[in-house]
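1. below: sequence and its predicted model.
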Amino acid sequence: MSKGTIVCQRVSELSARTDLAKQIRILVKEHMVDRVRERSGKDVDQDIEVTREEIVQEYLQGVKIVDRQIDESGKTCSATAVMPKTQARAGSTDGHEASAKP
């Protein structure tokens, strides 16, 4: 395995674990700024800016990577993470797959 493939596989495993944690608990922050500028003799200029941030901060126990795939032609890696229902406090505990590119 090349270094790029190993990194790709590690990133896909981390993404699968993160996506599993998102199913349990996620904090979403959104900030919107709506600016309207009017200049004398000119049309009104409007600028809308939306910033969205997702924060996952959950300690997972019993998570296992049960499947790994490497697509050499598409240069992608994927991993499937699962967690026993007894380990989850709330939310869905189904397996979750994530992909990464090297």
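-> Yep, it's here.
2. how much space separates the residue nearest the centre of the chain from Ile48?
-> With distances taken as Cα atoms, centre = their mean, Asp19 lies nearest the centre of the chain, 5.6 Å away. Shown here: Asp19 relative to Ile48, a distance of 29 Å by Cβ to Cβ, to the nearest Å. Every residue, glycine included, has its C-beta placed from N, CA and C.
3. which residues in the chain form helices?
-> 3-24 (DSSP state H).
4. shaky segments in it?
-> Along the chain, segments meeting pLDDT under 70 span 1, 26, 87-102.
5. need the contact list for the residue of the chain positioned farthest from its centre.
-> Farthest-out residue of the chain from its mean C-alpha position, per Cα atoms, centre = their mean: Gly41, at 46.4 Å. By Cβ atoms under 8 Å, 6 or more residues apart in numbering, the contact set of Gly41 is empty.
6. cool, and Gln46?
-> 34-37.
7. in JSON lines: those, plus neighbour count and distance to Pro84.
-> Converted to JSON lines, those look like this (neighbours: other Cβ atoms under 10 Å; distance: Cβ to Cβ, whole Å):
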{"residue": "Asp34", "neighbour count": "9", "distance to Pro84": "46"}
{"residue": "Arg35", "neighbour count": "9", "distance to Pro84": "49"}
{"residue": "Val36", "neighbour count": "9", "distance to Pro84": "53"}
{"residue": "Arg37", "neighbour count": "10", "distance to Pro84": "55"}
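8. ok, so of these, who is nearest Val66?
-> Distance to Val66 across the contacts of Gln46 (Cβ to Cβ) is lowest for Asp34, with 45.9 Å.
9. would you mind naming the residues that bridge with the closest one?
-> Ile48 (DSSP bridges).
10. I'd say it and Asp45 touch.
-> No - with contact defined as Cβ atoms under 8 Å, Asp34 does not count as touching Asp45 (11.9 Å).
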